[in-house]
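Q: what follows is a predicted protein model with its sequence.
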Amino acid sequence: MQRGPFHFPMRDAPAQVINLKDYTPPAFLIESVALDVDIQPAQAIVHATLKIARNPARGGAIEPLVLDGEDLELLSASIDGRKLAPGEYRADEGHLTIAKVPDSFTLETVARFDPWKNTKLEGLYATKSGLVTQCEAEGFRRITYFIDRPDVMATYSVTLCADKAQFPRLLANGNLLASGEGEPASWFAAGSEGRADGRRHWARWQDPFPKPSYLFAMVAANLELLEDHFTTRSGKKALLQLYVEPGKLDQAGFAMQALKKCMRWDEDVFGLELDLERFMIVAVSDFNAGAMENKGLNIFNTKYILARADSATDYDYFGVDKVVAHEYFHNWTGNRVTCRDWFQLSLKEGLTVYRDQEYSGDEYSRPVVRIQEVRDLRNRQFPEDAGPMAHAVRPESYVEINNFYTSTVYDKGAEVVRMYATLLGKEGFRRGMDLYFKRHDGQAVTCDDFRAAMADANGVDLEQFGRWYSQAGTPVVDVSAKYDGTNETYTLTVTQSCAPTPGQAAKKPFVIPLAVGLVDLDGHDLPINIDSASLFDGVRSNGGRTAVLAVTQERQDFVFHQVPEQPVPSLLRGFSAPVQAKFDYTDSELTHLMAYDSDAFNRWEAGQALAIRILLGGVKAIRAGTQMEVPLAFAEAMGRVISDGSRDPAFAAECLQMPSEGYLAECMDVADPEAIHIARMRLVRELATRYRTRFEGAFRHFAVPGPYSPDAHAAGRRALRNAALSYVSAMDDATSRALAFLEYRRAENMTDAMAALTCLANSAGAERERALSMFYEKWKDEALVVDKWFRVQATSWLPGTLDRAKALTKHAAFDLKNPNRARSLLHSFATDNPLHFHAGDGSGYRWIAEQVIELDRLNPQVASRLARAFDRWKKYDEGRMAHARKALESIRDTQGLSGNVAEVVGRALGTDPNSSVKAAE
Ligand SMILES: [Zn+2]
């Protein structure tokens, strides 16, 4: 599943902590599932036939059958054709329990529910165009009674029947077996009236692959279809179908091309082919997450399918490409080999994110893709690791699994997989992948199984590496250097540490692949001569100029020989491990690396490090009422970035982007959001004043002539030109406003239009309101574009933004029930507008707390994600902390709060049962 960027009866029962150490195999296994799904006005009736047997793994114990079921009305239950009497079973909230069952039997249940009242968007629910499902993690129990856990794998056949005009498309996983008018003949046995209703139709699907229930999907909707074909490299022809809401077919072409591209890539890079006759994607407007990899029937948030030059930005196109690939890649990493339990979520997510990152690296500029991944990791995962929700990549416990679709499981999980590839080399990693599939195809397995495959395929010991799965927190790697000119040796002393996290006071040393280069005075990499014992086996360094140091202990010395002069060390090249690397660089060493490091990532990194240093100095100066200093060397280096922009415009645009206000807050002991904002603006304005002519020149020079294309080259030029525009606009004078407004009116694609609108949304001029109302008028019928309109206002740094955001909740286009819309306003404000969310008077906290409470009544998943904005409340001053505590307590004390929000708020306040859970290691 791709996270998105969310019941009716509320759960009042005390939240239950689920622990990894308590795992036991299921008492029963389910061999096959047949579902008859009858969709009627205001209800769905699901008749399920399950072939069940006791699990031999439980050693013959005679246990009752316990099935999960949520918000279902049980109409009947029978075993081997005999209807059960009321005393033979118990259906209570959450379960159907049958005390006495044979060793192997057929269970039939008939249950009813109303998908149109399902605002949680889990299970079967209504979206604009019809009914769709979302079953990961625990949605299938809202469709029928089942043992709803990933280690119960069954084959499924599904017969859907619904009104033909309202639901012309009836889809489910696998292959279409039969379809027809009226109702299927097998349903006539019941003999009730209206069975041959000519207004209805039906379709029967069968999925030949056994799968866990979370991969189940069905759709009954009114959708338009784009079709294509793909011939696999073994010569099998597959039908590709992309279903979109009516009127959106002209926005579907790019996603189809992306699908074909990533299918070929997976064959080329991992030797993995599509195993189905048809592969379907359905895109819908109401979706809690980004997209879902249901076997053969992916269901997507429209945000990650629809793209057209005038209505989608380059970044939107990139997102479509990446998420289509992510879900497709799951067909092997997630579906063919799945997770034993939800603690193993990163087994499929970390691995699949790594795969989509590698795909993006091949399709776009690899250094730029890497910079964006690391920026996201630092903005989202590092704060998570330092806050109340800190957990290991494989968590030890949870209350609500939906709260653990986190940056740690996904993004840090991907970094862990990347480290295998760094340690084992590309070929070694591929050997490990091949063995993983050979051993585990068709199974539900663990992160340890993956690690064992990597170790066994390469004959290496990865025991200590396993700590990346069990220990939370971001390791800090402190490096110091000593040069001995007489012996021409250069020694790096490396120490590692990791701060305590909830439930884990002390950490053991990690295995850290530390990629290092030595840069000489002329800016060239020195050849590396080091004892091979200092390096990981099998590591190929960059033409002998990058070494991957094997950091495995708390403190180690690494001695480089034949070093003719004192070098500047280039550390953690390519961000070779998810750690914070610290080295006491001088300003001039950093500008040296900015200019010369052969590792593009570290050239960018050196500029960011220097910018952070200047900005934190600026924060101090602002608080002391003194002048903020911008060293000339830094300003000149940034000037060269603009002048040399044509070498790699996308990379230059990344270098011009200053560290985010949120990340700067993380760099302080007590964060001061106002001073951070002022310092950042001052630095931007200082550079804009100094280089205004250059920025204006770059804005004109990098314009992309001809029709729009989202390719990396054109997108890179637009990124640089729009970065230049944002610098000029930071001046916010009559000329800059006129420039942005003219650009807004002339823009022929959404990338340029949004860049200009963002500048204007932060401008005090009259052009602001004009542009915003023009934009809304033009795009009011395109939901994804209207989301942008809400977001650009919610993230403005202008005074009065909170009042504006509050007023927007009353706007006709605002809809709290639609996750994309809620996120475009509320989540954008809470997570991407630190200046106003962390307002000193507590107004931002109060408003978001009210919104969390209101949203939780509709959709707990989306609400708990919003509540996560409070994670780092203890990072601020006493006054802000008092306001945040009050806001959190107001949420906690709300009647009928969901388990989702209760867990997040409980952890933030330090009262959650998880916080006392001890580490396993
Ligand atoms: Zn996923």
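A: Here it is on my side, so go on. Numbers count the residues shown, from 1 in each chain.
Q: run through the residues of the stretch 1-150 of the chain sitting next to the ion.
A: Met1 (C-beta under 5 Å from the ion). In short, each C-beta sits where N, CA and C put it, glycine included.
Q: let me fix that, I meant to ask about the chain.
A: Within the chain, the positions near the ion by C-beta under 5 Å from the ion are 1, 349, 352.
Q: output the residues you listed as a markdown table; include the columns secondary structure and neighbour count.
A: A markdown table is the format used below for these (DSSP: H, G, I helix; E, B strand; the rest coil; neighbours: other C-beta atoms under 10 Å):
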| residue | secondary structure | neighbour count |
| --- | --- | --- |
| Met1 | coil | 26 |
| Glu349 | helix | 27 |
| Thr352 | helix | 28 |
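Q: would TSV of the residues you listed with pLDDT be doable?
A: Formatted as TSV, these follow (pLDDT from 0 to 100):
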residue	pLDDT
Met1	76
Glu349	98
Thr352	98
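Q: residue ranges of the helices in the stretch 501-650 of the chain, please?
A: Taking DSSP state H, counting those that start in this stretch as the criterion, the stretch 501-650 of the chain contains helices spanning 587-596, 600-624, 632-643, 649-656.
Q: out of the ones you listed, which is the most enclosed?
A: helix 649-656 (a mean of 25; mean count of other C-beta atoms under 10 Å).
Q: on that earlier part again, need the helices of the stretch 501-650 of the chain in CSV (columns: distance to Glu782 and mean pLDDT).
A: Compiled in CSV, these are given as follows (distance: least, C-beta to C-beta, whole Å; pLDDT from 0 to 100):
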stretch, distance to Glu782, mean pLDDT
helix 587-596, 41, 97
helix 600-624, 34, 98
helix 632-643, 34, 97
helix 649-656, 26, 98
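Q: picking up where we left off before, which single one of the residues of the chain next to the ion is nearest to Pro799?
A: Met1 (39.1 Å; C-beta to C-beta).
Q: distance of that closest one relative to Ala291?
A: 7 Å (C-beta to C-beta, to the nearest Å).
Q: next one: Arg680
A: From Arg680 to Ala291 the distance is 34 Å (C-beta to C-beta).
Q: let me know how buried the closest residue to Arg233 other than its chain neighbours is, in neighbour terms.
A: Of all residues not flanking Arg233 in the chain, Glu267 sits nearest, at 5.0 Å (C-beta to C-beta, 6 or more residues apart in numbering). Counted with other C-beta atoms under 10 Å, residues neighbouring Glu267 total 15.
Q: my read is Glu267 is in a strand, agree?
A: No - according to DSSP: H, G, I helix; E, B strand; the rest coil, Glu267 belongs to no strand; its state is helix.
Q: hmm, Arg555 is touching Thr493, no?
A: Yes - in terms of C-beta atoms under 8 Å, Arg555 counts as a neighbour of Thr493; the distance is 7.1 Å.
Q: picking up where we left off before, can you redo the helices of the stretch 501-650 of the chain as CSV with distance to Leu29?
A: CSV is the format used below for those (distance: least, C-beta to C-beta, whole Å):
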stretch, distance to Leu29
helix 587-596, 57
helix 600-624, 48
helix 632-643, 60
helix 649-656, 51
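Q: next one, pLDDT for Val110 please.
A: pLDDT for Val110: 98.
Q: so who does it touch?
A: Taking C-beta atoms under 8 Å, 6 or more residues apart in numbering as the contact definition, Val110 lies against 45-48, 74-77.
Q: rerun at 6 Å
A: 47, 75-76 (C-beta atoms under 6 Å, 6 or more residues apart in numbering).
Q: what does Ala698 give?
A: Contacts of Ala698 (C-beta under 6 Å, 6+ apart): 642, 645, 724.
Q: just give me the closest of these to Val282.
A: Ala724 (40.2 Å).
Q: where does the closest one fall, phi/psi-wise?
A: phi -60, psi -40 (degrees, to the nearest 10).
Q: and it, how many neighbours?
A: Neighbourhood size, Ala724 [other C-beta under 10 Å]: 28.
Q: and what of Glu889?
A: Glu889 has 13 nearby residues by other C-beta under 10 Å.
Q: before we move on, what about the one 3 residues further on?
A: Residues within reach of Arg892, counting by other C-beta under 10 Å, total 16.
Q: hmm, Thr155 is touching Lys211, no?
A: No - if you go by C-beta atoms under 6 Å, Thr155 and Lys211 don't touch, sitting 7.9 Å apart.
Q: between those two, which is the more surrounded one?
A: The neighbour comparison of Thr155 against Lys211 (other C-beta under 10 Å) goes to Lys211, with 25 against 17.
Q: on the three-state scheme, the more buried one is what?
A: strand.
Q: beta partners of it?
A: Per DSSP bridges, the residues bridged to Lys211 are Ala154.
Q: gap between it and Thr24?
A: In terms of C-beta to C-beta, Lys211 sits 22 Å off from Thr24.
Q: again with Arg603
A: 52 Å.
Q: ok, Asp815 next?
A: 43 Å.
Q: same question for Gln251.
A: 48 Å.
Q: of those two, who's got more company?
A: Gln251 (23 against 9).
Q: my guess is the more buried one contacts Arg308. True?
A: Yes - using C-beta under 6 Å, Gln251 is in contact with Arg308, at 4.6 Å.
Q: any regions of the protein where pLDDT drops low?
A: For the chain, the stretches flagged by pLDDT under 70 are 3-14, 189-195, 537-543, 912-921.
Q: how many other residues sit next to the residue in the stretch 151-300 of the chain positioned nearest to the ion?
A: Residue nearest to the ion within the stretch 151-300 of the chain: Glu293 (6.1 Å; C-beta to the ion). Neighbours of Glu293 under the rule other C-beta under 10 Å: 26.
Q: now do the contacts for it.
A: Neighbours of Glu293 in contact, by C-beta under 6 Å, 6+ apart: 327, 330, 334.
Q: what's the helix or strand for Leu35?
A: Following DSSP states H and E, one finds Leu35 within strand 28-40.
Q: what's the angle between whatever helix or strand comes next after that strand and strand 28-40?
A: Next in sequence after strand 28-40, counting helices and strands by DSSP H and E, comes strand 43-54. With axes from the mean of the first three to the mean of the last three C-alpha atoms, to 10 degrees applied, the angle from strand 43-54 to strand 28-40 works out at 170 degrees.
Q: now Ile401: how far from the ion?
A: Look at Ile401 and the ion: by C-beta to the ion, to the nearest Å, they are 14 Å apart.
Q: test my guess that that residue contacts Gly139.
A: No - using C-beta under 6 Å, Ile401 is not in contact with Gly139, being 11.1 Å away.
Q: out of those two, which sits in the more crowded spot?
A: Neighbours were counted for Ile401 and for Gly139 using other C-beta under 10 Å; Gly139 has more, 26 against 17.
Q: isn't that one right up against Glu122?
A: Yes - the pair Gly139 and Glu122 qualifies as a contact (C-beta under 6 Å) at a distance of 4.0 Å.
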